[in-house]
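1. Here you go, sequence then predicted model.
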Amino acid sequence: MDDDKDLTTTFKTCLETNEIAFQVHAYNDPLAALSDFKPSFYDLLLVDINMPLMNGFELCERILKLDINVRVCFMSAGEINQEAIREVHSTKSIGCFIKKPVMPDVLVERLKEELG
């Protein structure tokens, strides 16, 4: 989930065409992502923090009410205070934090680690 269409297209291609071949559902509108969300279907959400309409934290709070077991990795081009975020959003679902820009091979490795 990222409001930058070029970025979601790039991430989707990179994740679907690596040796693991992740199944990816890409969204550029957080309201559409929330509307289409299916509990117990997704293993991991990769969510940009700064988006119009609804920021990544708001989106995840609403999604985690539907499925507390889905893992969440946040992305941002800005600085990320991981400890503060974990204090405010204290849930085992919050996983990694990824600084943008990120190289495709690094993204794949981070998500593989997160999914264990």
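-> Arrived safely, thanks for sending. Only a predicted model underlies this, so the values are computations on that prediction, with no experimental measurement involved.
2. Please make it C-alpha for all contacts and neighbour counts, starting now.
-> OK.
3. what element comes up after the helix or strand bottoming out on mean pLDDT in the chain heading to the C-terminus?
-> Lowest on mean pLDDT, DSSP states H and E among the helices and strands of the chain sits helix 82-88, with a mean of 65. Next helix or strand after helix 82-88 toward the C-terminus (DSSP states H and E): strand 94-99.
4. For the helix or strand following that next one, buried residues please.
-> Proceeding N to C from strand 94-99, the next assigned helix or strand is helix 104-115, under DSSP H and E. Neighbour-count burial for helix 104-115 flags 107, 108, 110, 111 (criterion: 16 or more other Cα atoms under 10 Å).
5. average pLDDT for helix 104-115?
-> Mean pLDDT, helix 104-115: 94.
6. All further residue positions should be reported with the first residue as 7.
-> Sure thing, new numbering starts at 7, so read that last one as helix 110-121.
7. roughly how far out does it sit from the chain middle?
-> 12 Å (Cα atoms, centre = their mean, to the nearest Å).
8. Let me have the buried residues of helix 110-121 in a markdown table, extended by distance to residue 81.
-> A markdown table is the format used below for the buried residues of helix 110-121 (distance: Cα to Cα, whole Å):
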| residue | distance to residue 81 |
| --- | --- |
| 113 | 10 |
| 114 | 14 |
| 116 | 12 |
| 117 | 12 |
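9. ok, now how distant is residue 54 from residue 122?
-> Remark: distance between residue 54 and residue 122 (Cα to Cα, to the nearest Å) = 22 Å.
10. Which one of the two is surrounded by more residues?
-> Set residue 54 next to residue 122 and count neighbours by other Cα atoms under 10 Å: residue 54 wins out with 25 against 6.
11. helix or strand for the residue nearest in space to the middle of the chain, which one?
-> For the chain, the residue nearest the mean C-alpha position is residue 52 (1.2 Å; Cα atoms, centre = their mean). For residue 52, the host element (DSSP H and E) is strand 50-54.
12. what packs against that strand?
-> Judged by 3 or more Cα pairs under 8 Å, 6 or more residues apart in numbering; DSSP states H and E, the packing partners of strand 50-54 are strand 77-82.
13. Please identify the helix or strand for the residue sitting furthest away from the middle of the chain.
-> Relative to the centre of the chain, the most outlying C-alpha is that of residue 25, 20.2 Å out, by Cα atoms, centre = their mean. Counting by DSSP H and E, no helix or strand carries residue 25.
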